[in-house]
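**Student:** what would the 3D arrangement of this be:
(2 chains)
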Amino acid sequence: MMDSATVLTGLNLGYALCTLALTTLGLAIVFGLLGVMNMAHGEFVMLGAYAVVVVQKLGLPLPAAVPLAIAICGALGWAVERWLIRPLYARPFDTLLATWGLSILLRNLVEAIFGKGYQNVQSSAAAPMAFLGTSYPAYRLFLMALTVVLMLALVLWYRRSNAGLKVRAMTGNPTLARALGIDTGKLATRAFVMGVVLAGLAGVLLAPIVRVEPAMGVDYLLNAFFVLVVGGLGSLAGLTSGVGLIGGTQAGISSLIDQTAGYAAVLVLSILFLWLRPQGLYGRR
Amino acid sequence: MAAASSRPALSITLRLGGMRPWVAPVLLAAALVLLPFVGNEFLAYQIGLFLLYGVAAQGVALCWGRLGFLPLGHALFFGLGAYLSGGILKAAQADAVWYLLLPLAALAPAVLAWAVARLVFARSYHSGPYFSLITLALTMLGFLAANRFSSLTGGFNGMTEIPELPGLDRYGAMYWAVAALALVSTTGLTVMLRRPIGTLWSAISQNEDRLQFFGFATDRMKALAFGLSALCAAAAGVLFAPHQGIVTPQTVGFLLSTELVIWAAVGGKASPFGALLGAVLVGYASSELRDNFAYWEVVVAIAFMAVVRFLPDGIAGFVTRLLNRGPATSAQISAPVEAAPAIFPASRSSRAELAFDDVYSGASGIAIINGLSLKLSGPGVRCLIGPNGAGKTSTFNTLTGRLPSQSGSIQFADQKVGRWAAWRVARLGIGRKFQIPSVFSQLDVRDNLAIALWANRLHGLQSLSNRPKQWQTPLLQELLNLFPALRNSLDIPAGRLSQGDRQALEFVMMALPEPRLMLLDEPCAGLSPGETQRMMDAIKTVAQRLDAAALVIEHDMSAVERIADHVYVMHQGRLLAEGSLAQVQANEKVRAVYAGGHK
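**Tutor:** Purely as a prediction, here's the structure:
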């Protein structure tokens, strides 16, 4: 029988990896499949978290934040794809900058409305339950399970569904896909909206257990980028190994030395990958 | 062109591009001198800060607006310069010898930037957005380091109590040092953009591959430009330390990096003036309005998005376009002419001896070149024919470093070139023309021809001189006589030429570096019968004039018959037959392949 300290360490690592994966899923679609370097990804996570804040201020039950976040991120994502990103698909640097502008806009808008400080989210998320001979917050366990389910669902969608097939056709050869009667414009819009809604949902789910503030998005953005860069785009194996490498490095070095060193190690690792293996672990080029 | 050149002089003076080069710097100098008198010394102090940021933004604009890659972490070099300068100034309090090290505070970050870019671009010369992410990660590392090593940097609170530069009062005379730096960097960059190096920078952003096939080591040129842009940022940082008296980790951080990009974008990333103006206008307005108007940053963000979406060249580009309405005029009609120097010895002395020996190459597991052996010796025109997918273009690709050979050897002029970079092969005297003409579409025909003339001729320092723009060779004149349409379109962007003229332009450009071996991939594709005839004549003429070999991929057998004494037939990645056209046409195997018989 494992002792409870080992179980706890394992659970904490698993939890760290799962939150990383959760916040990466949306970008895995937007950047991984559409090739849009969405610098506002973290701000969509932030919007999701603020949906929880709003719901709480209105005195509604927390799950009401889910439809709210879907509505806000979906509508915003649709408008952004339509007016900002679609005209810039052929200009990668400009897409990057336009979404960067969007991130500044969202951050400052939220700051102007809600103020700069942290928002308090009341919840029972810390309530522990017995698990494998130790006690662990039930909400974290729920989150881990949900992340795994979401990832599997996404893979099934991508590999088995009609829409997934069309998306694969589009990323493989957009011109040919159009010639075969696939409306790539509409498809790209849908995929983009799906990506940012997933980011928003991640924000909703994380809101009870992280600090909610206007500038919270930057870390999620960069970590998600680094995961995708290290793992390579467009595959589950890449995504999981990217999460493992980035999350594992951060957790490992952090526990050995400190948080800063852990983050520095992630940066160094990412630079090495960007430099020497920009196609990622599994990518071919 | 005749009509344009006879327009009155007025339209010339109205063009910013054609404006006398000294006008803009003089205007800037006048504005900088007047500022402390029109405003007051404190205003000059405040503006001084944004002039420094503006110089750093000019570095961003150089890479992004000219060379086409976006640095997202320029604050790293700005902040590094500031920390080094702060440390040196503090040390100089005890011992004045330290002042001698101050230039190093600007040079060291520039060298670091050059080294980083050199390594990254050497690995993959068009690293694009990945290079941006690397610079971003580097600036965040810098931020962590500045916080962490507090004994050196003062940590989170910053390096404080940095003394002034000797004799330069922070709120007084220091402004003149800042203004001088802004003037020097603006003028310097503007002058460089008008010199050959500036033309080459623009060419890199438009068609880097084409430059490589002219023998330009674009990865090294980009690394040098990145070093120069970091020098701008670092020099500004060096003055920032004594100007502000404090350097905090924010000066190397992510946020300042983003602001530099925004300023460059809003002001105008294509011009040094634009970037400087952007920093001063947006930066100063932000510092004044940020605290009084909650939605100010929102306004800036919207303006930034609008600029990215609708005004790719920012305010400066917009103003320039307004001023430039009206027909383009040529400022160089009566430019003096000087004979171009001889091409580099390595290319001049190599003999047209090519040998493929059992070469294999492929991509993703599919063999494209499959045991190719082929010999070519001495001058003369040959043709390379074969059905689609035979590996003709891939043969060119393996020879010019675009498709690495996996086994076997490729020799040209006694050098094994199998895995060389494209530019090294080009320096040996191999010229290449593509099936789809590859030119610098936004540069005018004159600049396109000039770049081709510089290929294998231009030494490093010459790229800073004006004289290479006046180079001429007898071959250029002869080719322009063969293709008079080009002579009449010297001031038109190459992208606006018709397909036939573009084919002609690329062929002329390919010939100007006087290659020993010319690789011509369907030079007559899309040409009318008359144009085809002229192209064939031109190929023969150039091969004779240069005493060079030519290998022409061609499907039109009547054209083949007209120019080539020797024909290679390829099939399924290897040589099927060779000989005169009559011989290969009589060959049973060749007939089978072309008639679609058995394999």
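
**Student:** how about stretch B:82-99: buried residues?
**Tutor:** B:82-90, B:92 (16 or more other CB atoms under 10 Å in any protein chain shown). C-beta: built from backbone N, CA, C; applies to glycine.

**Student:** err, stretch B:288-303, not the other one
**Tutor:** Neighbour counts over stretch B:288-303 (16+ other CB under 10 Å) mark B:296-298, B:300-303 as buried.

**Student:** hmm, back to that, which of the buried residues of stretch B:82-99 fall in helices?
**Tutor:** Within the buried residues of stretch B:82-99, residues falling in helices by DSSP state H are B:82-90, B:92.

**Student:** okay if I get the buried residues of stretch B:82-99 as TSV plus distance to residue B:522 and pLDDT?
**Tutor:** Shown next, in TSV, are the buried residues of stretch B:82-99 (distance: CB to CB, whole Å; pLDDT from 0 to 100):
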residue	distance to residue B:522	pLDDT
B:82	56	97
B:83	57	96
B:84	56	96
B:85	58	96
B:86	61	95
B:87	61	95
B:88	61	96
B:89	64	95
B:90	66	94
B:92	66	93
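
**Student:** closest to residue A:103 out of the residues you listed?
**Tutor:** Lowest distance from residue A:103 to those (CB to CB) belongs to residue B:82, with 26.3 Å.

**Student:** so the closest one sits against residue B:243, correct?
**Tutor:** No - using CB atoms under 8 Å as the test, residue B:82 is too far from residue B:243 to be in contact (9.4 Å).

**Student:** burial check on the closest residue in space to residue B:190 that isn't next to it in sequence, number of neighbours?
**Tutor:** Of all residues not flanking residue B:190 in the chain, residue B:272 sits nearest, at 5.5 Å (CB to CB, 6 or more residues apart in numbering or on different chains). The number of residues packed near residue B:272 is 33, by other CB atoms under 10 Å in any protein chain shown.

**Student:** restricting to the buried residues of stretch B:288-303, which residues neighbour chain A?
**Tutor:** Contacts with chain A within these, counted by CB under 8 Å from any CB of the partner chain: B:297-298, B:300-302.

**Student:** tell me which parts of the stretch 101-250 of chain A are close to chain B?
**Tutor:** Contact residues (CB under 8 Å from any CB) of the stretch 101-250 of chain A with chain B: A:101-102, A:104-105, A:108-109, A:111-112, A:218, A:222, A:225-226, A:229.

**Student:** switch the cut-off to 6 Å
**Tutor:** Counting by CB under 6 Å from any CB of the partner chain, the stretch 101-250 of chain A comes close to chain B at A:101, A:104-105, A:108-109, A:112.

**Student:** just the CA trace of stretch B:350-368, in CSV.
**Tutor:** Provided in CSV are the C-alpha atoms of stretch B:350-368 (Å, rounded to 0.1, in the frame of the first residue of the first chain):
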residue,chain,number,x,y,z
SER,B,350,34.9,27.7,-61.0
ARG,B,351,34.5,25.5,-64.1
ALA,B,352,31.1,24.2,-65.3
GLU,B,353,31.7,20.6,-64.3
LEU,B,354,28.7,19.0,-62.7
ALA,B,355,28.5,15.4,-61.6
PHE,B,356,25.6,13.6,-59.8
ASP,B,357,26.7,10.2,-58.6
ASP,B,358,24.1,7.7,-57.5
VAL,B,359,22.1,10.4,-55.6
TYR,B,360,19.1,9.5,-53.5
SER,B,361,16.8,12.0,-52.0
GLY,B,362,13.2,12.2,-50.8
ALA,B,363,10.7,13.6,-48.3
SER,B,364,8.4,11.8,-45.9
GLY,B,365,9.6,8.3,-47.0
ILE,B,366,8.9,8.9,-50.7
ALA,B,367,12.0,8.7,-52.9
ILE,B,368,12.0,11.6,-55.3
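
**Student:** can you list the buried residues in that stretch?
**Tutor:** B:350, B:352-356, B:359-362, B:368.

**Student:** who's in contact with residue 118?
**Tutor:** Because you didn't say which chain, this covers chain A. A:211, A:213 (CB atoms under 6 Å, 6 or more residues apart in numbering or on different chains).

**Student:** that's the wrong chain, I wanted chain B
**Tutor:** residue B:223.

**Student:** so it is in which element?
**Tutor:** Using DSSP states H and E, residue B:118 sits within helix B:102-123.

**Student:** and that helix, how far out from the chain middle?
**Tutor:** Centroid separation for helix B:102-123 versus its chain: 18 Å, with CA atoms, centre = their mean, to the nearest Å.

**Student:** repeat that for stretch A:149-166.
**Tutor:** With CA atoms, centre = their mean, you get 17 Å for stretch A:149-166.

**Student:** residues making contact with stretch B:170-182?
**Tutor:** When contacts are defined by CB under 6 Å, 6+ apart, stretch B:170-182 is touched by residues B:32, B:41, B:44-45, B:48, B:51-52, B:55, B:164, B:168, B:239, B:243.

**Student:** among those, name the buried ones.
**Tutor:** Buried members of the contacts of stretch B:170-182, scored by 16+ other CB under 10 Å, are B:32, B:44-45, B:48, B:51-52, B:55, B:164, B:168, B:239, B:243.

**Student:** now, the most widely separated pair of those?
**Tutor:** Greatest spatial distance among these (CB to CB): B:32 and B:164, at 20.1 Å.

**Student:** quick revisit: just how off-centre is the helix or strand that the helix holding residue B:118 is followed by within its chain?
**Tutor:** Where DSSP H and E defines the elements, the next helix or strand beyond helix B:102-123 is helix B:129-148. Distance of helix B:129-148 from the chain centroid (CA atoms, centre = their mean) equals 25 Å.
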